[in-house]
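S.K.: compute the structure for the input listed below.
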Amino acid sequence: MDAAQATKLVGWVTEAGLAGVSEPDLLRNFCDRLVEMGFPLTRVNMAIDTLHPVYEGRVFRWRRDQGGVQPVAEYGRTNEGGEAAAHWLRSPYHHLNQTGEDMLRRRVGEDHHADFPVLEDLRLEGQTDYVALINRFSADGVIGEMDCVYSSWTTDAVEGFTDGQLSVLRDLVPTLALAMKCASLARIAETLVETYLGRDAGRRVLSGGIARGVTDRIQAVLWFSDLRGFTHITETADPEQIIPFLNDYSEAIISAIHEAGGDVLKLIGDGTLAIFKAQDPAEACRCALAAEAHARSQLHALNEDRRARGLPVTNAYLGLHIGEVFYGNIGSQNRLDFTVVGPAVNEVSRIAALCRSAERDVLISSAFLSAASDADRSRLVSVGRYALRGIQRPQELFTLEPPAEEDAGL
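M.R.: Purely as a prediction, here's the structure:
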């Protein structure tokens, strides 16, 4: 591989990084080009930590013969014990991290000591040489645990990598690592905004909708739910149980909303504010009712599991309403919230609060009834007229028929 070829490859990586090419495609094209230039690669892994509520990082894989190899794998927390931690402690990457070195090379084969488990696996595959590299970030470039890019490079060439080939890797991999970092940062931004703002709100923010006071006037079904007896549970349960308790019930409710096409905008203690949007209001109502049914089923299963483990259980109250709201950025110059505001938001929270006194798990507004399809309206029965706090005139409210079973969640 001559200097002109190396320059051409660096140029491609730079352009691909600027164009936002994904990590798997960056690695695949980089390795394919190296092989076309006569470089004896057989397998490559690149790993980078990230910011994600579930997993710690991602590994990107290339094989000369892809043969069913998944190009992306996600790994769990390496500081919480378990398989991920054990694998990490036995890895060449951990060795580089601990020693401060930037390269580790091991010849592979019967005549060479396998001081890392991966080397024995490579020997069985017929590999002959293994190189691990670490490209560290400066302090200002670190985000969470994302402080470097790890990579490993393997060949089955009889004599292994030549000194010239090792020099090429050390010269070219930093450019690839930088492009991988750029792609990962874009992914982190997407993960963070969707996790903390909601899926639709997150996409709007990333697309540039961040100006203060810029909102859309939309028609939406509004969902407001909270957990029955949450204050009592927090006062009587062990403090260590409260967060797992909230996580269990939030998972059941939020996943049901998402699977039905809704967007969760805000978690307020044990409360959940969500919206369902559709061109046809009846479709948005249908989706909200589908989410209610799914959530009720999931909460029923969750309660059975928690009872069996001797843990506190609860149900959820739900208010459903439809109306016009302002959807967008609201707040100060330094702290904005992407949410919905308007009288309809106040009404749905008041409707949900009435579930306790009305002794119903679900209360639905007359506006929702009017917007729903004939099939959905036939499932709703009146529970009478109620005065809503802060609302001038009493409203007729409805619930589902047959009523939800007391232990079935929503």
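
S.K.: hey, let's count contacts and neighbours off CA atoms from now on
M.R.: Fine.

S.K.: walk me through the domains of this structure.
M.R.: 3-196, 200-400 (automatic domain parsing).

S.K.: make CSV out of the ones you listed and add mean pLDDT and mean neighbour count.
M.R.: Output for the domains of the chain, formatted as CSV (pLDDT from 0 to 100; neighbours: other Cα atoms under 10 Å):
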stretch, mean pLDDT, mean neighbour count
domain 3-196, 90, 16
domain 200-400, 92, 18
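
S.K.: Val149 sits in which helix or strand?
M.R.: Secondary structure from DSSP states H and E places Val149 in strand 148-155.

S.K.: next SSE after that strand?
M.R.: helix 163-197.

S.K.: show me how far that next one is from its chain's centre.
M.R.: 19 Å (Cα atoms, centre = their mean, to the nearest Å).

S.K.: please, where are all the strands along this protein?
M.R.: In the chain, the segments counted as strands under DSSP state E are 43-49, 57-63, 72-75, 103-107, 129-136, 148-155, 215-227, 263-268, 271-276, 316-331, 336-341, 362-365, 380-386, 395-400.

S.K.: ok, the last one: who's next to it in the sheet?
M.R.: When you say that, I think you mean strand 395-400. strand 362-365 (antiparallel), strand 380-386 (antiparallel) (DSSP bridges).

S.K.: ok, Val54 to Ala114 distance?
M.R.: Shown here: Val54 relative to Ala114, a distance of 33 Å by Cα to Cα, to the nearest Å.

S.K.: okay, and the beta partners of Thr154?
M.R.: Applying DSSP bridges, one finds that Thr154 bridges with Arg43, Tyr130.

S.K.: ok, now how distant is it from Glu125?
M.R.: 11 Å.

S.K.: can I get the strands of the chain in JSON lines with distance to Asp163?
M.R.: Shown next, in JSON lines, are these (distance: least, Cα to Cα, whole Å):
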{"stretch": "strand 43-49", "distance to Asp163": "18"}
{"stretch": "strand 57-63", "distance to Asp163": "22"}
{"stretch": "strand 72-75", "distance to Asp163": "30"}
{"stretch": "strand 103-107", "distance to Asp163": "12"}
{"stretch": "strand 129-136", "distance to Asp163": "12"}
{"stretch": "strand 148-155", "distance to Asp163": "13"}
{"stretch": "strand 215-227", "distance to Asp163": "60"}
{"stretch": "strand 263-268", "distance to Asp163": "55"}
{"stretch": "strand 271-276", "distance to Asp163": "59"}
{"stretch": "strand 316-331", "distance to Asp163": "57"}
{"stretch": "strand 336-341", "distance to Asp163": "55"}
{"stretch": "strand 362-365", "distance to Asp163": "71"}
{"stretch": "strand 380-386", "distance to Asp163": "76"}
{"stretch": "strand 395-400", "distance to Asp163": "74"}
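
S.K.: relative to Met1, which of those is closest?
M.R.: strand 148-155 (15.9 Å; Cα to Cα).

S.K.: dump the strands paired with strand 395-400 to CSV, plus distance to Met103.
M.R.: Listed next are the strands paired with strand 395-400 as CSV, based on distance: least, Cα to Cα, whole Å:
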stretch, distance to Met103
strand 362-365, 61
strand 380-386, 67
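
S.K.: please identify which of these is closest to Thr339.
M.R.: Using Cα to Cα, the nearest of these to Thr339 is strand 362-365, at 21.2 Å.

S.K.: what's next to the closest one, contact-wise?
M.R.: Applying Cα atoms under 8 Å, 6 or more residues apart in numbering, the contact partners of strand 362-365 are 317-322, 351-352, 354-355, 395-400, 410.

S.K.: gap between that strand and the chain center?
M.R.: On Cα atoms, centre = their mean, the centre of strand 362-365 falls 31 Å from that of its chain.

S.K.: give the residue farthest from the middle of this protein.
M.R.: Largest separation from the mean C-alpha position in the chain: Asp111, at 45.4 Å (Cα atoms, centre = their mean).

S.K.: distance of it from Ser370?
M.R.: Asp111 is 79 Å from Ser370, by Cα to Cα.
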